[in-house]
Structures are given as structure tokens and as C-alpha cells.
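> show me the folded form of this:
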Amino acid sequence: MTRQVRQRKQRGRSLVGETYEVEVGPVAHGGHCVARHDGRVLFVRHTLPGERVLARVSEGEEGSRFLRADAVEVLEASPDRVEPPCPFAGPGRCGGCDFQHVALPAQRRLKSAVVAEQLHRLAGLDVDVEVQPVPGDQDGLRWRTRVQLVTDRSGRIGLHKHRSHQVVAVDDCRIARPDARVLVDGHPVEGAGVAVAESVRGHDFEVDPAGFWQVHPGAPEALVDAVLRFLAPRPGERCLDLYAGVGLFSVFLADAVGPTGSVVAVEGERVAAEHAASNLEVFPGAAARRGSVDRDLAEDPGEPVDLVVLDPPREGAKRTVVEEIVRRGPRAVAYVACDPAALARDVAIFAEHGYAMTRLEAFDLFPMTHHVECVALLRNSR
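Below is the predicted model:
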């Protein structure tokens with residue numbers, strides 16, 4: 001049988017390359033700002049709210065609901081605009097950083113606005129948000145402890161353009177530390193297959209060189225501190241650590257609840273789960289399980305727990321996982337979120353089941369980019 005290939009319907013004439021003069025509106029989730037031209041929405045990168053720019057369309061057609069564009073000329077600049085410290089940043093260049101052209105305090109204000117807007121729009125909450133810096137970067141630079149580079153067909157090493165597979169040759173990533181571990185096409189340049197050690201608050205963690213670990217040196221301490229402050233774990237309590245990675249939060253929960261308590265870490269990635277088991281082996285009441293979180297929770301009898309740490313991937317935990325957590329009746333949930341939209345959607349689901357967000361802290365773990373990390377506390381209000 002011949003397989004039919006569905007072609008994307010052409011909406012109209014391509015507008016790529018068209019240039020419009022626009023007044024720039026508010027920041028939006030994703031590293032761009034919102035502008036309008038002849039009634040059509042443009043998502044414009046490399047600009048700031050309040051600026052007047054020439055925006056060149058990078059994606060879109062006449063029938064598109066919105067267009068993507070780059071600010072290629074600034075006609076009226078924001079006072080928060082600065083000269084990008086990286087020569088590879090800008091329209092048509094490396095797509096790794098969104099805010100190189102923005103003063104660092106203003107970057108954090110933009111991220112605060114995005115988190116607040118997402119919580120208002122998707123969860124119906126009005127929250128004052130302040131994105132906090134953490135130690136370990138140099139004015140927003142030289143913080144990445146791991147850099148993932150790619151190669152093109154000719155063997156050039158660099159980073160991708162924004163929303164493209166095209167490689168921009170980069171000889172010095174300005175947000176990377178000089179001693180950063182380098183991966184090329186997903187493979188460590190050195191030490192392939194050999195676990196490395198990371199230390200947080202006196203605990204050492206085995207981590208695969210190509211596996212997940214927070215890339216800002218100040219991130220693990222900041223996140224552990226927020227989770228422990230929010231949950232205030234007590235001796236004897238029962239804990240779940242979901243999407244646990246190598247067990248960063250599990251180790252500190254196990255420390256806090258002691259031998260009369262319990263901690264179960266659930267992680268889907270095989271190597272990370274193995275490292276979590278190794279990192280937890282000194283705690284008699286702690287264990288690591290490998291498996292998809294939603295499937296693991298659904299197959300588990302669902303015995304009650306006191307505390308949950310939820311640190312899902314960018315798409316969030318989603319309804320099935322949230323409802324399995326609620327079924328276990330924890331007194332508190334610490335939600336560690338790398339995407340404010342996913343956080344807001346999940347917070348709304350928790351609210352349906354009587355769990356209200358009572359605290360929120362946000363951290364600038366990814367300076368020069370639009371990314372932001374949040375820790376939210378959810379409590380059973382019924």
C-alpha cells in the first residue's frame with residue numbers, strides 16, 4: 001500500500017523577508033515581544049517593550065495567524081538596551097541567547113512579567129513575581145558548566161540558529177565557563193561513559209557526563225534551599241521525589257526525615273535512575289525506582305504520602321500525574337518548574353482538587369536567555 005504524505009496547506013504568499021516598521025508591545029513567553037502590523041500579530045526577537053524597530057519576517061504567510069520576525073534595525077531604543085557582549089548574538093546568528101541586548105536587571109524584570117502573565121492567564125492567579133539572581137555567573141556570563149555543541153555536514157562546530165538546523169560556527173560561547181564540560185552532537189568530548197561527581201551541601205552525587213544536571217553552578221543550592229524551606233520535612237514523614245534525576249532532592253529529604261521516614265525517587269532515564277540508587281544507598285529508608293512517572297504512579301497502590309517534590313520536564317506533569325499525586329493526599333507539594341506556562345497549567349489542575357499555590361520563588365538560572373526556574377509550594381486547602 002502506498003503511504004500518503006500529507007502536505008502542509010499553503011495559506012498564501014510567503015511573507016519571509018518582508019520588513020515592517022512596528023511599535024513593540026509587551027514581552028511574551030519564548031524570548032520575543034509582541035507587535036502588530038495591519039492587524040496581524042508579530043512575535044519579534046531582539047527587541048524590547050516600547051521600542052520602535054524595523055522587523056523582518058522570518059516565518060509566516062499571508063494567511064498565518066501570526067508572524068515571527070527579527071528586529072533588524074532599532075529606530076527608537078529602550079533605555080534598557082545594551083550592546084550584546086557576545087559577537088555571535090543577533091538576528092541571523094546563534095539562537096542560544098534571547099536577551100544579550102538587554103541589561104541584566106531588565107532581563108529579570110521581563111522574566112518576572114512572563115511568569116506573572118502565565119499564572120494569571122492559565123491559572124487565574126495574580127502573583128507578584130521577582131526573579132532572583134543566584135551566585136555563580138559574571139554579570140550573566142560564564143555560568144554554563146556544560147555546553148552542547150553541534151556539527152554541520154562539513155564538520156564545523158557551533159550552535160544552531162534560532163528555530164533552525166543551520167549551524168553557526170562559535171569559537172567561544174560567552175555564557176560558558178572556561179572549564180565547562182563540552183558535548184558535541186550529544187557525546188562528551190572527554191570521559192565518555194565515566195560518571196562525574198557533583199557536590200552540594202556536603203553530599204556528593206554521581207552524574208553521567210551526558211546526563212541531566214543543573215548547568216548554573218548556583219542552581220542546585222538555590223533549588224534545594226527553596227524546596228526544603230517550602231516543605232519543612234519532619235522526621236518520620238513519607239516522601240515522593242518525581243522526575244528525580246540522580247536524586248538531588250531525594251538525598252536531602254532522606255536526611256531530613258531520618259531512618260523512621262521514607263523517600264521514593266522515581267526517574268525514567270536508565271542511567272540517571274542507576275545513579276539515584278547509588279546516591280541514596282546510604283539512607284536505609286530511601287529507594288529509587290526506574291520508570292515513567294505516570295505509569296509508575298498508576299501501577300503503585302497509592303499509599304498516602306506526606307510530601308512530594310515534582311520536577312517535571314519542560315512540558316510539565318499534566319493531569320494524570322497531578323491527579324495521582326492528589327490521590328496520595330500529601331500535605332504539601334514542591335513544584336520545580338523550568339517552564340512557566342506548564343507550571344501554570346498544572347497549578348490550575350491542582351486547584352481543581354483543593355491544592356492552592358501559597359508560595360512562589362523564581363530564579364535567574366539562565367541569564368541572557370528567556371528561560372527561568374520557579375519553585376512553587378502547593379498545599380491542600382480543604
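
> tell me which strands the strand or helix carrying Arg181 pairs with, and in which orientation.
Secondary structure assignment for Arg181, by DSSP states H and E: strand 176-184. Applying DSSP bridges, strand 176-184 is found paired with strand 144-151 (parallel), strand 187-188 (antiparallel).

> using CSV, write out every CA atom in that strand.
Extracted in CSV, the C-alpha atoms of strand 176-184 (Å, rounded to 0.1, in the frame of the first residue of the first chain):
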residue,chain,number,x,y,z
ALA,A,176,30.0,29.1,29.1
ARG,A,177,32.6,28.7,31.9
PRO,A,178,36.2,28.2,30.8
ASP,A,179,36.1,24.7,32.4
ALA,A,180,32.7,23.7,31.1
ARG,A,181,32.2,20.1,30.1
VAL,A,182,31.7,20.0,26.4
LEU,A,183,29.4,17.7,24.5
VAL,A,184,29.5,17.6,20.7
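
> relative to the whole chain's centre, how far out is it?
From the chain centre to the centre of strand 176-184 is a distance of 19 Å (C-alpha atoms, centre = their mean, to the nearest Å).

> mind listing what's buried along it?
Within strand 176-184, the residues scored as buried using 16 or more other C-beta atoms under 10 Å are Ala176, Arg177, Ala180, Arg181, Val182, Leu183. Bear in mind the C-beta positions are built from the backbone N, C-alpha and C, glycine included.

> same deal with stretch 183-200?
Leu183, Pro188, Ala195, Glu198, Val200.

> likewise stretch 283-300?
Within stretch 283-300, the residues scored as buried using 16+ other C-beta under 10 Å are Phe283, Gly285, Ala286, Ala287, Ala288, Arg289, Arg290, Val293, Asp294, Asp296, Leu297, Asp300.

> end-to-end on that stretch?
22 Å (C-alpha to C-alpha, to the nearest Å).

> repeat for stretch 89-100
End-to-end for stretch 89-100, by C-alpha to C-alpha: 7 Å.

> who touches that stretch?
31-32, 45-46, 56, 70-72, 84-86, 88, 101, 107, 110, 158-164, 168, 170, 173, 175, 368-370 (C-beta atoms under 8 Å, 6 or more residues apart in numbering).

> distance between it and the chain's centre?
Counting by C-alpha atoms, centre = their mean, stretch 89-100 comes out at 18 Å from the chain centroid.

> wait, Leu242 touches Leu310, no?
Yes: using C-beta atoms under 8 Å, Leu242 is in contact with Leu310, at 5.2 Å.
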